[in-house]
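In: take this sequence and fold it.
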Amino acid sequence: MVRAVSDSSMPGFVGQLREWWRRVGGWVWPGARPAADGTARISSQLRALFQDSQSAWGGEMSARERATRIAALYRDSNLTGRTETLKAITVTFAPGRVELDHALAAMAGAATEKERGRAEAALRLALDAPRAHFLKQFNLLPDGVRFLVELRADLLEVMPQEPQLEVLKVELDDLLTSWFDPGFIELARISWQTPAAVLEKLMAYEAVHPIASWADLRNRLDTDRRCYAFFHPRLPGEPLIFVEIALTQGMPESVQWLLDEQAPLQDPHAADTAVFYSISSAQQGLRGISFGNLLLKRVIEDLQRDLPRLKTFATLSPLPGFRAWLDKLAAVDPELLSRGESAKIAAAFGAGPGKTLLASALEQPDWHHNPRLSESLHAPLERLCARYLLREKSGGAPLDPVAGFHLHNGARVNRIFWLADTSPRGLRQSYGMMASYRYDLDMVDRNHERFSEAGQIAASRRVKRLLD
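Out: Sure thing, here's the model as predicted:
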C-alpha cells in the first residue's frame, strides 16, 4: 500500500506540489509553450490519479485500475509530457521530509549499538519512499513490467537534461534488478523453428552486424551456428539480450568469412572453437542492468555439455571507438610512428600538405585495397590498436566500451586482427581492425576481480608483445 504524505508534516512541499500541478494542469510552466488541449487533459487526469495513489484510495482492484489508466495516459503523451510526468512522480511520491530529517538526526546522534540499530531501522523506514510503492503497483498489470522498462528508456533519454530524475532512476533500477534476478531469467536457444515473431525481433535488435535478409538470418541459425537469448516470463516473446556464435576449427580472422552465406557448412561436432561474434542488448530500457556476464557463462556451460570437443571460447569483436581515437591522435602527433614505420609508409605513399604521414595514408580511398600501402600500415595499426586496448582509459575504464564489457566479465584480450571487418561499417569504426577476447572459465573470476579492483587488464603475451 502506498503511504500518504500528510500536509501537516510537509507544508512547504505540499504547497510546491500544488503549484507544480497548477502549472502541469494548465501546461504553463516557465519557458514552455502553451500545450494542446489533449496534453492538458492528460495532465489533469494524471493529477487526479496521482492524488488517489497518494491516499491509497480503494483496494487492490482500484490500484490495478489506476495503474492501467496511468500507463495508458503516459503512453499517449509526447516526450515533453512524459518528462513532466516523471518529474511529478519524483516529487509527489518523495519521502516525508520531517520523518527523514528526524531519522538522520537520530542516526548522527546515536551513541550505542542499540541506539544505532534503532536509528538505522527508522532511517530505512523513512527512506522507504512512496515512489517504490507507486512503481510496484504496475506489477499488478499483465504488461506492467514492459511499461516500467519503457518508462526507464524515457528516463535514460531525458536524464542528461533533467538530473533531478536520478533518484527515480535509482529506485526503478533497484526494482527492475530484483525483478530481473537471474533466478527469473530463462535461457533459450533460438533456431529457424523459433516463432517468426521472435526471429523478426532478432533482425530488428541486432546491433553489431545488421541482418540483411531472411536468408542472412537463416545462415546465422544453421547447423554450424548457435544463437541464445535471455527471456523473462513477464515479457513473453521479447528477448532481453542475445548472442550469435559460430562453431569453427581454429579462430577465424575475418567476420566476412563468418557472415558469408555461401561459405560451406562446418561440422559442429568437429569444431574446437566457439566464436561469439555478436552480442546485442534488445531492450533500451534495461541498458545498464547487466545480463552479459551471466549470459556468456550459461551459454558456455550449455555448449560444453552439447559439444565436449569445444576447447576455446572467444569473441570476434568490433572496436567501435578505435578510428575516432586514432584520427584525433594522428592529426596532431607526428611521433606516433617509429622511424622504420615512417620510412615504409613514405615509400608507399607520401604525406599530404599539412598532414601527418599516418593521417595522409589513412585518408586515401580504398587504402586497404592497395597492397603496398596496406602492408606498410599493418604493423603500426596493430601496435596502436594494442595501445588503445591496454593503455587508453577514460575515468579509469577502458576507452573502448566493448573492451570494458568483456574485461569486466573476466575475459582477456587475446588477439588483434588486421582487416578483419572490411565492411563500410568496420572501416568507419576501426579501419577494419577487430579484437578477440577469450573466456577461460578457470580464470574469469580472477580476471574480473583484478580488473574491478585495480583496473588490471588481462592480455595474452601475443598482444603484450605488440607494445614492446
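In: can you show me the strands along this structure?
Out: 186-189, 225-231, 241-248, 273-281, 312-315, 393-394, 397-398, 412-417, 434-438 (DSSP state E).
In: so which of the ones you listed is the most surrounded?
Out: Ranked by mean neighbour count under mean count of other Cβ atoms under 10 Å, the strands of the chain are led by strand 434-438, which reaches a mean of 25. C-betas here are computed from N, CA, C, even on glycine.
In: name the residues that touch stretch 112-131?
Out: 2-3, 5, 54, 89-90, 92-96, 99-100, 102-104, 106-107, 109-110, 167-168, 171 (Cβ atoms under 8 Å, 6 or more residues apart in numbering).
In: just the CA atoms of it, as PDB, please.
Out: Output of stretch 112-131 as PDB, limited to C-alpha atoms (Å, rounded to 0.1, in the frame of the first residue of the first chain):
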ATOM      1  CA  THR A 112      25.400   3.000  21.500                       C
ATOM      2  CA  GLU A 113      24.900  -0.100  19.300                       C
ATOM      3  CA  LYS A 114      21.300  -0.300  20.400                       C
ATOM      4  CA  GLU A 115      20.600   3.300  19.500                       C
ATOM      5  CA  ARG A 116      22.400   2.900  16.200                       C
ATOM      6  CA  GLY A 117      20.300  -0.200  15.400                       C
ATOM      7  CA  ARG A 118      17.000   1.600  16.200                       C
ATOM      8  CA  ALA A 119      18.100   4.700  14.300                       C
ATOM      9  CA  GLU A 120      19.100   2.700  11.200                       C
ATOM     10  CA  ALA A 121      15.700   0.900  11.200                       C
ATOM     11  CA  ALA A 122      14.000   4.300  11.500                       C
ATOM     12  CA  LEU A 123      16.100   5.700   8.600                       C
ATOM     13  CA  ARG A 124      15.300   2.700   6.400                       C
ATOM     14  CA  LEU A 125      11.600   3.300   7.000                       C
ATOM     15  CA  ALA A 126      11.900   7.000   6.300                       C
ATOM     16  CA  LEU A 127      13.800   6.200   3.000                       C
ATOM     17  CA  ASP A 128      11.200   3.600   2.000                       C
ATOM     18  CA  ALA A 129       9.800   6.200  -0.400                       C
ATOM     19  CA  PRO A 130       6.300   6.100  -1.700                       C
ATOM     20  CA  ARG A 131       8.000   6.100  -5.100                       C
END
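In: got the buried residues for it?
Out: Of all the residues in stretch 112-131, those buried under the rule 16 or more other Cβ atoms under 10 Å are 119, 122-123, 126, 129-131.
In: ok now do the closest residue to Thr177 other than its chain neighbours, which residues does it touch?
Out: If the residues on either side of it in the chain are set aside, Thr177 comes closest to Ile289, at 6.0 Å by Cβ to Cβ, 6 or more residues apart in numbering. Ile289 is in contact with 173, 176-177, 180, counting by Cβ under 8 Å, 6+ apart.
In: just the buried members of those?
Out: 176, 180.
In: of the contacts of Ile289, which is the nearest to Pro398?
Out: Asp173 (23.2 Å; Cβ to Cβ).
In: sorry, back to before: what's the closest of the buried residues of stretch 112-131 to Ser360?
Out: Nearest to Ser360 among the buried residues of stretch 112-131, counting by Cβ to Cβ, is Arg131 at 56.5 Å.
In: send the alpha carbons of stretch 424-443 over as PDB?
Out: C-alpha atoms of stretch 424-443 as PDB (Å, rounded to 0.1, in the frame of the first residue of the first chain):
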ATOM      1  CA  PRO A 424      31.800   0.000 -44.700                       C
ATOM      2  CA  ARG A 425      30.800   0.000 -41.000                       C
ATOM      3  CA  GLY A 426      34.000  -1.900 -40.000                       C
ATOM      4  CA  LEU A 427      36.200   0.600 -41.900                       C
ATOM      5  CA  ARG A 428      34.300   3.500 -40.500                       C
ATOM      6  CA  GLN A 429      34.600   2.300 -36.900                       C
ATOM      7  CA  SER A 430      38.100   0.900 -36.700                       C
ATOM      8  CA  TYR A 431      39.800   0.800 -40.100                       C
ATOM      9  CA  GLY A 432      38.800  -2.800 -40.300                       C
ATOM     10  CA  MET A 433      40.600  -3.800 -37.000                       C
ATOM     11  CA  MET A 434      38.900  -6.300 -34.700                       C
ATOM     12  CA  ALA A 435      39.800  -7.900 -31.300                       C
ATOM     13  CA  SER A 436      39.300 -11.300 -29.700                       C
ATOM     14  CA  TYR A 437      38.500 -11.600 -26.000                       C
ATOM     15  CA  ARG A 438      39.000 -15.100 -24.700                       C
ATOM     16  CA  TYR A 439      36.900 -16.600 -21.900                       C
ATOM     17  CA  ASP A 440      38.800 -19.300 -19.800                       C
ATOM     18  CA  LEU A 441      36.300 -20.300 -17.100                       C
ATOM     19  CA  ASP A 442      39.100 -21.200 -14.700                       C
ATOM     20  CA  MET A 443      40.300 -17.600 -14.900                       C
END
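In: next, the buried residues of it.
Out: Buried, per 16+ other Cβ under 10 Å, within stretch 424-443: 426-427, 429-440.
In: out of those residues, which one sits closest to Ala229?
Out: Distances from Ala229 to these, taken by Cβ to Cβ, are shortest for Tyr439, at 18.4 Å.
In: I'd say that closest one and Leu407 touch.
Out: No: using Cβ atoms under 8 Å, Tyr439 makes no contact with Leu407, being 11.2 Å away.
In: before we move on, back to that, distance of the residue nearest to Thr177 from Leu240?
Out: Taking Cβ to Cβ, to the nearest Å as the measure, Ile289 falls 9 Å from Leu240.
In: what pLDDT does Glu261 get?
Out: What the model reports for Glu261 is a pLDDT of 94.
In: what's the burial count for the residue lying closest to it once chain neighbours are set aside?
Out: Among residues not flanking Glu261 along the chain, Asn219 sits closest, at 4.6 Å (Cβ to Cβ, 6+ apart). For Asn219, the neighbour count with other Cβ atoms under 10 Å is 19.
In: quick revisit: would CSV of the contacts of Ile289 with pLDDT and distance to Arg323 be doable?
Out: Putting the contacts of Ile289 into CSV (pLDDT from 0 to 100; distance: Cβ to Cβ, whole Å) gives the following:
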residue, pLDDT, distance to Arg323
Asp173, 92, 33
Leu176, 92, 35
Thr177, 90, 35
Phe180, 90, 34
